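1. what's the 3D shape of this:
(one chain, ligands or ions: 3)
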Amino acid sequence: MSKIWDISQTLRPGIPVWPGDTEYQAEPNWVLENGCPVNVARFQLSTHTGSHADAPRHYDAEGQAIAEVELTPYIGPCVLIDVTQARGLVCPEHVEPFLPARVERVLLKTCQQFPHDQWQADFTAVAADTVNLLAERGAILIGIDSPSLDPQDSKILAAHQMVRRHGMAILEGLVFDQVAAGHYELIAPPLKLALLDASPVRALLRSIE
Ligand SMILES: N[C@@H](CC(=O)c1ccccc1NC=O)C(=O)O
Ligand SMILES: [Zn+2]
Ligand SMILES: [Zn+2]
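-> Numbering: from 1, shown residues only. Ligands and ions are numbered 1, 2, ... in the order given. So this is what the prediction gives:
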């Protein structure tokens, strides 16, 4: 039997969000009580809340919305690489020693313990050269535990733009606390949200038989 790890954040009130972005909010719309047979809630959240997939439209005005993206990148073999030694930016030398000659999907673990309860402005981001290296090795998806591939104060989004050049997919805000570096199957398709620039995902890793 294969083992499954849930590498998703729990969407909940108080979940940390990008400074100035929409706070997660949920409320009952209908409540199971006298006369009403069901509970039905409504909720509001930024498209970049928790574990999520960026659509090209997030960093490219002409780019696809998340409902339009191919799903192949989000399902299939991946390698999880420990880069917790990296500070500031994950550079090619942090990744190269652990990177197979050919890869399909690469997940980067930058922190030992995921900051579930507070926003961390100094999260570890990814150098554009690193994205380029992964693309050269065949990667069609890059995933990370940080809230963005680029530093919080970046105005040029160099890593996102390198992803765009190579037509890769992005997952951000993944949780690797319970998972060791190594090879897995990734299962993390985005929701089919028309027009939108990103989507929450339920991200899973499955052990390889
Ligand atoms: N680049 C980040 C998100 C990002 O940049 C962002 C997310 C929400 C609100 C504002 C953002 N960037 C803004 O200036 C990401 O890729 O998820
Ligand atoms: Zn994002
Ligand atoms: Zn992003």
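2. pLDDT wise, what is residue 13 at?
-> Note on residue 13: pLDDT of 98.
3. how many neighbours does the nearest residue to residue 152 once chain neighbours are set aside have?
-> Spatial nearest neighbour of residue 152, chain neighbours left out: residue 121 (5.3 Å); criterion: Cβ to Cβ, 6 or more residues apart in numbering. In short, each C-beta sits where N, CA and C put it, glycine included. Neighbour count of residue 121, defined by other Cβ atoms under 10 Å: 11.
4. doesn't residue 121 fall inside a strand?
-> No - residue state for residue 121 (DSSP: H, G, I helix; E, B strand; the rest coil) corresponds to coil; a strand is not indicated.
5. my guess is it contacts residue 18. True?
-> No - the pair residue 121 / residue 18 is not scored as a contact, 9.9 Å apart, by Cβ atoms under 8 Å.
6. which neighbours do those two share?
-> residue 152 (Cβ atoms under 8 Å, 6 or more residues apart in numbering).
7. so which elements touch the longest strand seen in the chain?
-> Criterion DSSP state E: the longest strand present in the chain is strand 75-82. The helices and strands touching strand 75-82, judged by 3 or more Cβ pairs under 8 Å, 6 or more residues apart in numbering; DSSP states H and E, are strand 105-109, strand 182-187.
8. just want the angle from it to strand 182-187.
-> Going by axes from the mean of the first three to the mean of the last three Cα atoms, to 10 degrees, strand 75-82 is angled at 140 degrees with respect to strand 182-187.
9. just the pLDDT for the residue of the chain found nearest ligand 3.
-> Residue nearest to ligand 3 within the chain (Cβ to the ion): residue 54, separated by 4.1 Å. Confidence at residue 54, expressed as pLDDT, is 99.
10. could you find the closest non-adjacent residue to it?
-> Nearest residue to residue 54, sequence neighbours excluded (Cβ to Cβ, 6+ apart): residue 170, at 4.2 Å.
11. how many residues are close by the one you found?
-> 25.
12. isn't it right up against residue 146?
-> No - taking contacts as Cβ under 8 Å, residue 170 lies outside contact range of residue 146: 11.0 Å.
13. tell me the mean pLDDT over the host helix or strand of the residue nearest to residue 54?
-> Here residue 170, judged by DSSP states H and E, is contained in strand 169-172. Averaged across strand 169-172, the pLDDT comes to 99.
14. got the end-to-end distance for stretch 169-185?
-> Length of stretch 169-185, first residue to last, Cα to Cα, to the nearest Å: 16 Å.
15. is ligand 1 contacted by it?
-> Yes - Stretch 169-185 reaches ligand 1 (Cβ under 6 Å from any ligand atom) through residue 172.
16. no further questions, thank you.
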